[in-house]
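Asker: Below is the sequence, then the predicted model.
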Amino acid sequence: MESLVNRIISTLISNEIIKKEDKEIYSYGLKQMATTILNLITILVLGIIFNMVLESILFTLMYIPVRIYAGGYHCRTPLRCYLYSILQLILVLLALKIQLLTNPMIITIMSIISSIVILSLAPVEDENKPLDEIEIKVYEKRTIRNLIIVLSILCITLIFNKINLSSCICISLLCNGIMLMLGKINNSVRYKYSK
């Protein structure tokens, strides 16, 4: 991807479409766009393979908005992050396929516990993106807002007895809670060994 982006940027510069001094900005933007497209394609392909496109998309739509602001564990490289994301989505789809969560009461309890974990830990910063006091407050508010939206959608799916969708949303909250706990543990270990 790096070499492809560099060729595109070089072509744009040589054709005077962009300025040479803006190379880094466009390079970053193209890499982000390529990563996003790759992730979307992967989500759809895995959804098709498992015959669970709706669940694949729903999990992503419920997971990402909370994850962005709550933070948590992050892989060291983009490739590891991509591979971990694939593995996570496969495990989520397998859990849904075998109907691991079918009881509305258990879904509700697990969602409440996961939400408490998220609210009590978020935001968990990463060493590559430390947060200042203002960012922490902003991220807390956005985490709460997005969590309320996710929980509202969960309530709607439970009211209409869409258990598979409720289960999917519950698992997204569970995954966010786990990522926050792993991030906290990782930060504690890193802090301990940096002394």
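Answerer: All right, it came through fine.
Asker: what does stretch 161-175 contact?
Answerer: Contacts with stretch 161-175, where a contact means C-beta atoms under 8 Å, 6 or more residues apart in numbering, come from 54-55, 58-59, 62-63, 66, 88, 92, 95-96, 99-102, 104, 107, 110-111, 114-115, 118, 150, 153-154, 157-158. For every residue, glycine as well, the C-beta is placed using N, CA and C.
Asker: For this structure, give me the ranges with low pLDDT.
Answerer: The chain contains residues with pLDDT under 70 at 1, 191, 193-195.
Asker: next one: phi and psi at the most centrally placed residue in it?
Answerer: The chain has residue 64 as the residue nearest its centroid, 3.7 Å off, counting by C-alpha atoms, centre = their mean. Main-chain torsions, residue 64, degrees, to the nearest 10: phi -60, psi -50.
Asker: again, but for residue 46
Answerer: The phi/psi pair for residue 46 (degrees, to the nearest 10) is phi -60, psi -40.
Asker: This protein: helices as residue ranges?
Answerer: 2-14, 23-49, 53-70, 78-97, 104-121, 133-159, 163-194 (DSSP state H).
Asker: Any idea which of those helices gets closest to residue 127?
Answerer: Closest of the helices of the chain to residue 127 is helix 163-194, at 6.4 Å (criterion: C-beta to C-beta).
Asker: Next, the angle helix 53-70 makes with the closest one.
Answerer: Per axes from the mean of the first three to the mean of the last three C-alpha atoms, to 10 degrees, the angle that helix 163-194 makes with helix 53-70 is 30 degrees.
Asker: can you start the count at 772 instead of 1 from here on
Answerer: Got it, first residue is 772 now, which makes that one helix 934-965.
Asker: how near is residue 793 to residue 802?
Answerer: 15 Å (C-beta to C-beta, to the nearest Å).
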